[in-house]
Structure formats: structure tokens, C-alpha cells
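Enquirer: Quick one, what's the 3D model for this:
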Amino acid sequence: MARHDDQPALEIGQDNAQVMGLDFHNPVFPLSALGILAFIIYALVFPDAASSSLVAARGWSINHFDWLFMIAGNLFVLFCLALIFLPVGKIRLGGKNAKAEYSRSSWFAMLFAAGMGIGLMFWSVAEPVAYLTDWYGTPLNTAANTPEGASAAMGATMFHWGLHPWAIYGVVGLSIAFFTYNRGLPMTLRSAFYPILGRHTRGWIGHIIDIVAVLATIFGLATSLGFGASQAAGGLSYLFGVPNTIGTQIAIIIVVTLVALFSVWRGIDGGVKLFSNINMVLAIILLLFVVLTGSTLMFVNGLLTTTTDYLMHILPLSNWVGREDQTWYHGWTVFYWAWWISWSPFVGIFIARVSRGRTVREFLTAVLVVPTLVTIVWMTAFGGNALHQASNSIGELSHGISDVSLAMFHMLENLPLTGVTSTLAIVLVLVFFITSSDSGSLVIDKITAGGKTDAPKQQRVFWAALVGIIAGILLAGGGNTALTALQAGAVTTGLPFTVILLVMCFSLYKGLLDEHRALKPSSGKVAKPA
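Expert: Predicted structure coming up:
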């Protein structure tokens, strides 16, 4: 593994403690666990106070720092695109002789499943229809229920799920991968700041970075699992008459958690990769069905329309000065940016874990460009059908969004074999939850184990179980109020993480430039890192 002479700062597993068969980093593991426990107690004993205070904190950060979120999001896109074309793009993660661990198809399946697969299952239908029908404001104040409104709706949906979120993940993922595989540093968030902080990354600055990353990740996962259980239960109730009760939702959480436990016990190869590949197969089947049973011609034409809508609206939607659509802008775009940034430690570290052997150019193309193209295809099929139904008074969507969790099913009920496709959609949702839970648990385990990739299996199981337990306890004890508080807490961490990611860009470029100079031919010979 390549290392430079000035790079001996952090050792993998340094400061670890072995207790009852566990191998964890001290103090990241215990302080993270205490923070999680304190929040659960607070949210259960004072659910309304927790929700109101954290929602207020989220609102304050979004309303007062919208400019920071927007500027940072734009810079991340430009930064990643620049790295693709700059000479540093030739650098291979792990050194010039490193080989990729996974096939391109499995690699991409894991990237997509961990990144945002579950969100696309719901919002690819609900979001464009919500914008078209003015459910909570319209993008750029376009008139609702008009062709211009439909164009802005699809452009804004792509804006939220295209280049910008994947650039956020790309910055973190590439930083962790480079400093882990090319510098021999632990696979934790703190390692990305070594060129700036040096040995201080081993101290409390590094501890705080990793602890906040753990809390943001586990809160985000538990929130998604809790709300996802509510959405899956809504689908079961809608299709099969299963009562949508707290009991049903907790049963879904238990099933998902048990399968996730099996997956994390098996590890990446035997668990995460397996379920990610299953995800991709099921998603492709559902996508092809929607394309073939809807209007195929409309889909083919829609690919160009969706791309045009995205390109036409990306600049005005990226603007943060003098926005007249403040309600929509803060409630959707800025919220999304804060949410993606709060998720970036989890998704970024997981992407780094499975990306050894890829060049910087290959990495960023796969993480940034390919998912955006796939999202265009997905949004054209699902969002295009949804907008067609909403604009032509077909089915429930013509009345707007009554329940986000049912939007996908409302769209599918106007296509053939509704029962089959809707059941497939529910299964796909559950498998996406499993891949999010198991990959997230593996990431948390790496951070709290000081960057170790071979921590005891029971340690991975502990974190996977804890995600399910947190979601179940908060759902049972505080309902959606407690989950809303948890989500608001996760989103609020997006503000400090925005600053962290901006600094990370500088640190990453400095590291890549040093690597490029070290590998650059000199006097007919290639200088190898020490």
C-alpha cells in the first residue's frame, strides 16, 4: 500500500479497546452509544419538545444558511467534474497495480442501492406530481397544472436526484478511498483531513468528526426505516387490506432488521452484494414492465424531454439569489441538500469500501454521471407516466398527492397486472431497506472500530440491530412525532457537514496533486511513493 514519508499519522485500529469480544475505537464507540441512548430517552420522554426543538433547529439552519447549502452543492458538482478531466483522474485507488474487487455490475448495484434506491421508489412518482399540482409550492413559481409546470416539475425532480446529490457522495467517497488505499490511513471520516490537520486527526478533532458521522448515519438510517415501515404498511393496506397499525409497521421493521442481520453477518460479498444484485434485477423488471405496458413511444420521446427539462432548469434552480419561490425552495431543494449532506458519511464510506482498484476518473464517472443517466431513465418511466396520468385526469393522481406512500401504487393501478407489479414494488422497497440498513451498519462499524475492516461479526450485528431497535422504539413510543424529531436531528447535522465537505475538497485535491507529482516521470524514471 502506497504511503508517503510524511504520512505515518494514523494507524488502523489505533487506540482500540477489546471488551467482551468487541474491538472498538475509544472514545468514538462509547460516546456515540451514549449520544444515541441520550437522544432515545429524550425523544421518548419528551416527544413533543424533542420534535419542536429539533424541527426549529432544522428550520433555522435551512432558512439562514440556504446560500451555503446551494453554493456548496454547486461547487461539489464542478469539483467532481473537474477531477474527471484533470490529470489526477488517472490515479488508481490503491496504487497503479491495484485490481478491482467487484465486477462493474455488482459495483454499480451496490453504489446505487446504498445511495438512493429507496427514495426513487416513492419520490419518482410523488415528487413530479406534487410540483405539478402545487402540493407544497411549485419550482420557480411556475403555474400549476400547465405544460410549463410539467416541464419544471420534471426538471426540478431530476435536479434533486441527479448530479448534485451524487457529487456530494462522490466527494466523500473519493476522499475516504484515496486516503485509505493510497495513504494507508484508517477508513474513517477523519482520515480525509490528514493533509490539513496532520496528527491532530488522532485527537479530539478527529473524534468529534467521527462521532458526528456515526450519529448522523444511525439517525438517518433509523428515520428511513421507521418512515419506510409506515410507507410499506400503507402499501400492504392499500393492496391487501392489511391493517396499517403500529403493530404492522413494527413487524415490518423486525423482518427487515432480521434479514439485514443475516446480511451483515455474511459481510459484503455474501450479504450486501447479494441483496444489491437482487435489487437491480427486481428494479430492471419493474422498469421494463412500466415502459412496455405504458406508452413506449411516450417513454422514448420522454427520455429527450426529461433530459432537456433537466438541462433547461439546472441553472435557475441552482441559483440562491432573489428566489421568489421561497416556500418551495426551502421546503424541497435546501432540505434535500441538507439531507444528502447528512447522509454523505454513510454513503461515501460505503462507496469507498467497494471501490478499490478504480481510477479517480472511473470512480467519479460511475458515481456521478452513470447514476444521473439511470435516474433520467427511471424518472422518465415512472415520473413521466405519473405526469401523464395527472395531466389527463387518469386515476387518483389527477387529484394530486393525498399520501406519498401510495403515489407509486396509484400510478401502477392504471397499468395491467396491478396486483403483481404493486407486490413487486413492495418487495423492492423492502429489499432496498435491507441494503440501506446492512451497508449503513457496516459503515458505522468501520468508524467505531477505528477503520478496521475485520472487526468481529457480532460488532456489525450490534449496529444493525440497534438501527432496527431505535426505529421500533421511537415508532412505538412516540410515533411519527419522534421519527420527525430524529429526522430533523439528522438533517441539522447537514450544516456542520457542509463546512466539513468544503474543507474535504481542498484536502482531497492537495492529496491527489501530491500523488500525481510523486508518480510523475522524472529523469526517465517513475518516482514511487515511499
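Enquirer: use CA for all of it now, contacts and neighbours both
Expert: OK.
Enquirer: Contacts for stretch 252-272, please.
Expert: Residues outside stretch 252-272 that contact it (Cα atoms under 8 Å, 6 or more residues apart in numbering): 110, 225-226, 229, 232-233, 430-431, 433-435, 437-439, 441-442, 457-458, 460-461, 464-465, 468, 471-472.
Enquirer: Find the residue closest to residue 216 in space, skipping its chain neighbours.
Expert: residue 490 (5.1 Å; Cα to Cα, 6 or more residues apart in numbering).
Enquirer: should've said residue 136
Expert: Counting by Cα to Cα, 6+ apart, the residue nearest residue 136 is residue 328, at 6.3 Å.
Enquirer: Spit out the contact partners of that neighbour.
Expert: 136-139.
Enquirer: just residue 65 next, same as before
Expert: Listed by Cα under 8 Å, 6+ apart, the contact set of residue 65 reads residue 495.
Enquirer: Relative to residue 54, how far out is it?
Expert: Going from residue 65 to residue 54 by Cα to Cα, to the nearest Å gives 16 Å.
Enquirer: likewise residue 141?
Expert: Distance from residue 141 to residue 54, by Cα to Cα: 29 Å.
Enquirer: Look at these two and report which has more neighbours.
Expert: residue 54 (21 against 18; other Cα atoms under 10 Å).
Enquirer: Next up, identify which helix or strand that one is on.
Expert: helix 47-64 (DSSP states H and E).
Enquirer: for that helix, packing partners?
Expert: helix 28-45, helix 457-492 (3 or more Cα pairs under 8 Å, 6 or more residues apart in numbering; DSSP states H and E).
Enquirer: Now those helices in CSV, please, with extra columns for mean pLDDT.
Expert: As requested, the helices and strands packed on helix 47-64 are exported to CSV (pLDDT from 0 to 100):
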stretch, mean pLDDT
helix 28-45, 86
helix 457-492, 83
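Enquirer: right, so of the ones you listed, which gets closest to residue 210?
Expert: Nearest to residue 210 among the helices and strands packed on helix 47-64 is helix 28-45 (6.8 Å), distances taken as Cα to Cα.
Enquirer: Could I get the buried residue list for the closest one?
Expert: Under the neighbour-count criterion of 16 or more other Cα atoms under 10 Å, helix 28-45 has 28-29, 31-33, 36, 39-40, 43-44 buried.
Enquirer: ok, of the residues you listed, which one's closest to residue 411?
Expert: For the buried residues of helix 28-45, with residue 411 as the reference and Cα to Cα as the criterion, the closest is residue 43, at 35.9 Å.
Enquirer: Spit out the contact partners of that closest one.
Expert: Per Cα under 8 Å, 6+ apart, neighbours of residue 43: 49-51, 474, 478, 482, 485.
Enquirer: go again using 7 Å as the cut-off
Expert: 50, 482 (Cα atoms under 7 Å, 6 or more residues apart in numbering).
Enquirer: Tell me the spacing between residue 177 and residue 438.
Expert: Residue 177 is 20 Å from residue 438, by Cα to Cα.
Enquirer: ok, now residue 294?
Expert: 34 Å.
Enquirer: Tell me which of these two has more neighbours.
Expert: Set residue 294 next to residue 438 and count neighbours by other Cα under 10 Å: residue 438 wins out with 33 against 19.
Enquirer: what comes up buried for the helix or strand hosting the more buried one?
Expert: Element membership of residue 438 [criterion: DSSP H and E] is helix 418-448. Using 16+ other Cα under 10 Å as the test for burial, helix 418-448 gives 418, 421-426, 428-448.
Enquirer: what do you get for stretch 507-514?
Expert: 507-509, 511-512.
Enquirer: Now tabulate these in a markdown table and tack on distance to residue 345, secondary structure and pLDDT.
Expert: Shown next, in a markdown table, are the buried residues of stretch 507-514 (distance: Cα to Cα, whole Å; DSSP: H, G, I helix; E, B strand; the rest coil; pLDDT from 0 to 100):
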| residue | distance to residue 345 | secondary structure | pLDDT |
| --- | --- | --- | --- |
| 507 | 16 | helix | 94 |
| 508 | 15 | helix | 96 |
| 509 | 18 | helix | 95 |
| 511 | 19 | helix | 93 |
| 512 | 20 | helix | 95 |
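Enquirer: about what we covered before: gap between the residue nearest to residue 216 and residue 336?
Expert: Taking Cα to Cα, one finds residue 490 at 12 Å from residue 336.
Enquirer: Compare these two and say which is more crowded by neighbours.
Expert: residue 490 (27 against 19).
Enquirer: residues in contact with the more buried one?
Expert: 216, 219-220, 342.
Enquirer: For the residues you listed, work out which two are farthest apart.
Expert: Checking these with Cα to Cα, the most distant pair is 219 and 342, at 9.7 Å.
Enquirer: quick revisit: from the contacts of residue 328, list just the buried residues.
Expert: 137-139.
Enquirer: ok, so of those, who is nearest residue 238?
Expert: residue 137 (27.3 Å).
Enquirer: Quick check, that closest one in contact with residue 329.
Expert: No. Checked against Cα atoms under 7 Å, the pair residue 137 and residue 329 is beyond contact range at 8.4 Å.
Enquirer: Under the pLDDT cut-off, which ranges of the protein? List them.
Expert: 1-23, 115-117, 453-454, 521-530 (pLDDT under 70).
Enquirer: What are the boundaries of the strands in it?
Expert: According to DSSP state E, the chain carries its strands in the segments 16-19, 22-25, 521-522, 525-526.
Enquirer: burial measure for residue 323, as a count.
Expert: Neighbours of residue 323 (other Cα under 10 Å): 14.
Enquirer: if I look at it, how far off is residue 135?
Expert: 19 Å.
Enquirer: what's the spacing between residue 84 and residue 111?
Expert: Residue 84 is 18 Å from residue 111, by Cα to Cα.
Enquirer: Also residue 90?
Expert: 21 Å.
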